[in-house]
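K.L.:
Provide a 3D model corresponding to the input given below.
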Amino acid sequence: MGVEGSCHCGAVRIAVPRVPEWVGSCNCSICRRTGFLGAYYPEAEVRIEGETVAYIWGDRMIGIRHCPVCACITHWLSLGQDLGRMGINARMLDGSDTGAAPLPAACSIAGEKVEIRLM
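P.N.:
Numbers count the residues shown, from 1 in each chain. Sure, this is the predicted structure:
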């Protein structure tokens, strides 16, 4: 079952092929501050529509993409080496109920329970 989503203003639309089996709660400095919960898919399986802007920092391995209108972080892409995946912000997916702090052990996306793993 495919899942769609968008940033807050709707300028960036996301489509993934299925509900993720798990999402990752990264503890890097930017993910901690923005609340990014990563759902990982091969890049070829994901559709992103709308303009995004890259924020590139640190080891410069990934570009963290956000909407230029509402500033929601939507996804990240590799900038060099093919990592075999990209990260989608699971909080942007329709039907996402990821809860609030403290981080729960699971959340719901499109009505399906999804495990949250600390990374």
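
K.L.:
how distant is the one helix or strand in the chain whose mean pLDDT sits lowest from the center of its chain?
P.N.:
Lowest by mean pLDDT, DSSP states H and E among the helices and strands of the chain is strand 106-109, with a mean of 74. Put simply, strand 106-109 sits 14 Å off its chain's centre (Cα atoms, centre = their mean, to the nearest Å).

K.L.:
list the helices and strands that strand packs on?
P.N.:
Counting contacts by 3 or more Cβ pairs under 8 Å, 6 or more residues apart in numbering; DSSP states H and E, strand 106-109 packs against strand 112-118. (Glycine included, C-beta is placed from N, CA and C.)

K.L.:
Could you pull up the residues touching the residue nearest in space to the middle of the chain?
P.N.:
Among the residues of the chain, the one closest to the centroid is residue 89, at 1.5 Å (Cα atoms, centre = their mean). With contacts defined as Cβ atoms under 8 Å, 6 or more residues apart in numbering, the neighbours of residue 89 are 36, 37, 38, 39, 72, 73, 74, 75.
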